[in-house]
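In: pasting the sequence and the predicted model now:
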Amino acid sequence: MPAPEAGVFERLSALAAIDAPGDRQLKTIAETFTGKPLGSVPIGTSDDVVVAIEKARAAQAEWAARPVTERAAVLERYRALVVEHRHFLMDVLQAETGKARWAAQEEVMGLMFAARYFSEVAPRLLSPHKVPGAFPVLNRAAVRYQSKGVVGIIAPWNYPMLLSIGDSIPALLAGNAVVAKPDSQTPFATLAGVELLYRAGLPRDLLAVVPGPGTVVGTAIVEGCDYLMFTGSSETGRGLAERCGRRLIGFSAELGGKNPMIVTKGADLNKAAKAAVRACFSNAGQLCISIERLYVEQEVEAEFTEKFVAAVNAARLGASYDYSADIGSLISEAQLEKVSKHVADATSKGAKVLTGGASRPDLGPLFFEPTVLTGVTEEMECFRDETFGPLVSIYPVDNIEEAVRSANDTDYGLNASVWAASKSAGERIAAQLHAGTVCVDEGYAPAWGTTAAPMGGMGISGVGRRHGPQGLLKYTEPQTVVVTRYLNLDPPTLFPRNKWQPFLMAIARALRHLPGR
């Protein structure tokens, strides 16, 4: 099955929110598997962002005035279109990112889960709800939710459709407009998702995609939006947080990870070893929540390592638009260089390569073998730095306490995996880990797919959460409305002022016995 034809990318390119695109400089996007051109997109400017935000702000007022159920109906139609066109979406994702087909499917399923969950819960979560007033009977209080306005989304290249459109879904359901900047390497994935949203009935100006460099387009979005959602490196996230802080606008981010897996004695080593291949090498390891550190109890370390290396060696590395490959390509020369550098640094300082360790130009320009190291020590770059590629290190530990301590010895805190003798033992270990999500007897996918629960990072791995009620309500401004009835806080006629305040205090003291206080 070949990559989509050039006409497909020309159609998607026309959806970019850029006036007079024919007069603009173009960026050519190459098929990652081969390096051959796929198509070109116009490069946006700061003026394009200003115009897009102006149009989005005008469209947002009408959109926010619609009942939430109407907004949810658009997203429900979008979900149906994703299911219908899932193979096309996977083709585009593979062409731009080089990931294996199953990893592209994982991304499309994430869109389906997000659209389903937020469409179902938005009407309830966004409805006004009563809360106890300061003084019963006298005060009636309710909390309402107003939209932020225009949400800016800066998306990464590794899961470009899910982390642009998937984040747009709750923002739109909350009544906002969205202006999104896809990564310059993967604009077509975002545009393919937007195309289906437009077909589902979303107003064109309500969601604008402006391709272009972060220093230009990204900066303009930060300077003009009312809330920013970012997925990317911790370093870039710091800088964006500072800019948002200067403007006093809200900011949410999923950032980097150096995620651990713990395997204890008594665990099912066959299942753990097989699942670890997916956990470590999904999207060739280019996943914020993938595993890069394996802590294995000494008693089972040799057996687990043997099984894991065998499972890695059995994984099929290749370029195909079907499900015949288990692991795909890296996305760029920069990623290939970083992985190669980490492996070379580690081996030059004494680490041992158990399998992999080399690029595979025979398969394509950006392929690198899934690589397993032992003997990694603190002076090696891959010990603490996020590789973001197909490289994982195994560390034997004496006991569970050492495994937990080592797993938590990082500035990151995004995801973790635990394999123990029982589910309850795994849960006890999970509770001790400094990570936003923990999977027991799996790697990362069940936690990501549980859209009803918050997903995000601790430490330098993120700010705020996507998914769950927080993933929707963060795109709103809560407003408290309190209605005072019968009497206000002034003393009633003929009630002595010097006795009114002690009377109020007596009521306040009595309120501690009422529920909700």
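Out: Great, that's in hand.

In: show me the contacts for V216.
Out: V216 makes contact with 44-46, according to Cβ atoms under 8 Å, 6 or more residues apart in numbering. (C-beta placed from N, C-alpha, C; glycine too.)

In: what about it, distance to F281?
Out: As defined by Cβ to Cβ, to the nearest Å, V216 lies at a distance of 34 Å from F281.

In: what pLDDT is listed against L126?
Out: The predicted local distance difference test score for L126 is 98.

In: unless I'm mixing things up, it is touching Y145, no?
Out: Yes. Using Cβ atoms under 8 Å, L126 is in contact with Y145, at 5.1 Å.

In: identify the contacts common to those two.
Out: Residues within reach of L126 and of Y145 at once, by Cβ under 8 Å, 6+ apart, are 174, 476.

In: and L391, backbone torsions?
Out: Recorded main-chain torsions at L391 are phi -140, psi 130, according to degrees, to the nearest 10.

In: buried residues of stretch 68-77, list them for me.
Out: Counting neighbours by 16 or more other Cβ atoms under 10 Å, one finds that the buried residues in stretch 68-77 are 68, 71-72, 74-75, 77.

In: looking at these, spot the one nearest L373.
Out: For L373, the nearest member of those is L75. The distance, counting by Cβ to Cβ, is 43.8 Å.

In: not counting its neighbours along the chain, what's nearest that closest one?
Out: Setting aside the residues directly before and after it, L75 is nearest to S119 in space (Cβ to Cβ, 6 or more residues apart in numbering), at 4.6 Å.

In: chain center to the strand or helix carrying that neighbour, what's the gap?
Out: With elements taken from DSSP states H and E, the one containing S119 is helix 101-125. Between the centre of helix 101-125 and the centre of its host chain there is 12 Å, according to Cα atoms, centre = their mean, to the nearest Å.

In: what does the helix or strand just after it rub up against?
Out: Towards the C-terminus, the helix or strand next in line after helix 101-125, according to DSSP H and E, is strand 129-131. For strand 129-131, the external contacting residues (Cβ under 8 Å, 6+ apart) are 140-143, 480, 516.

In: with pLDDT and secondary structure added, can I get those residues in CSV?
Out: Below are those laid out as CSV (pLDDT from 0 to 100; DSSP: H, G, I helix; E, B strand; the rest coil):
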residue, pLDDT, secondary structure
R140, 93, strand
A141, 95, strand
A142, 96, strand
V143, 97, strand
T480, 97, strand
G516, 57, coil
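
In: out of these, which comes closest to T355?
Out: The shortest gap between T355 and any of these belongs to V143, at 55.5 Å (Cβ to Cβ).

In: list the beta-bridge partners for that closest one.
Out: Beta bridges link V143 to H129, T480, judged by DSSP bridges.

In: so it sits against Q479, correct?
Out: Yes. Distance between V143 and Q479: 7.1 Å, which falls inside the contact criterion (Cβ under 8 Å).

In: ok, the residue nearest to L75 - contacts?
Out: S119 sits in contact with 72-73, 75-76, 79, 173, where contact means Cβ under 8 Å, 6+ apart.

In: can you check L111 too?
Out: Applying Cβ under 8 Å, 6+ apart, we find L111 in contact with 79, 82, 89, 161-162, 165-166, 169, 193.

In: return the entry from these with the maximum number of neighbours.
Out: Compared across these, I165 has the highest neighbour count, 33 neighbours, by other Cβ atoms under 10 Å.

In: got the CA positions of stretch 445-465 in CSV?
Out: What follows is stretch 445-465 as a C-alpha-only set of coordinates in CSV (Å, rounded to 0.1, in the frame of the first residue of the first chain):
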residue,chain,number,x,y,z
ALA,A,445,-1.8,2.8,26.6
PRO,A,446,-4.5,2.0,29.2
ALA,A,447,-3.7,5.2,31.2
TRP,A,448,-3.7,7.3,28.1
GLY,A,449,-6.9,5.7,26.8
THR,A,450,-8.7,6.3,30.1
THR,A,451,-10.0,9.7,29.0
ALA,A,452,-12.3,10.0,32.1
ALA,A,453,-9.2,10.3,34.3
PRO,A,454,-6.7,13.3,34.3
MET,A,455,-3.5,12.8,32.3
GLY,A,456,-0.4,14.9,32.8
GLY,A,457,3.0,15.2,34.5
MET,A,458,4.6,16.0,37.8
GLY,A,459,7.9,17.8,38.2
ILE,A,460,9.2,19.2,34.9
SER,A,461,6.9,16.9,32.9
GLY,A,462,4.0,19.3,32.8
VAL,A,463,1.5,21.8,34.1
GLY,A,464,-2.2,21.0,34.3
ARG,A,465,-4.0,18.0,32.9
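
In: go through it and flag the buried ones.
Out: Taking 16+ other Cβ under 10 Å as the basis for neighbour counts, the residues of stretch 445-465 that come out buried are 445, 447-451, 454-465.

In: could you do stretch 41-53 as well?
Out: Buried residues in stretch 41-53 (16+ other Cβ under 10 Å): 41-46, 48-49, 51-53.

In: what about those, which are in strands?
Out: 41-42 (DSSP state E).

In: which secondary element of this structure has the worst mean pLDDT?
Out: None of the helices or strands of the chain scores lower by mean pLDDT, DSSP states H and E than helix 497-510, at a mean of 87.

In: list the contacts of that one.
Out: 135, 489, 491, 495.

In: let's see it at 7 Å
Out: Applying Cβ atoms under 7 Å, 6 or more residues apart in numbering, the set of residues contacting helix 497-510 from outside is 135, 491.

In: mind saving the C-alpha coords of that helix as PDB?
Out: This file holds the C-alpha atoms of helix 497-510, laid out as PDB (Å, rounded to 0.1, in the frame of the first residue of the first chain):
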ATOM      1  CA  ARG A 497     -26.700  47.900  65.100                       C
ATOM      2  CA  ASN A 498     -24.700  47.100  68.200                       C
ATOM      3  CA  LYS A 499     -26.600  43.800  68.400                       C
ATOM      4  CA  TRP A 500     -26.600  42.900  64.700                       C
ATOM      5  CA  GLN A 501     -23.000  42.000  64.300                       C
ATOM      6  CA  PRO A 502     -23.000  39.600  67.400                       C
ATOM      7  CA  PHE A 503     -26.100  38.100  65.900                       C
ATOM      8  CA  LEU A 504     -24.400  37.400  62.600                       C
ATOM      9  CA  MET A 505     -21.500  35.900  64.400                       C
ATOM     10  CA  ALA A 506     -23.900  33.600  66.300                       C
ATOM     11  CA  ILE A 507     -25.300  32.400  63.000                       C
ATOM     12  CA  ALA A 508     -21.900  31.900  61.500                       C
ATOM     13  CA  ARG A 509     -20.900  29.700  64.500                       C
ATOM     14  CA  ALA A 510     -24.000  27.600  64.100                       C
END
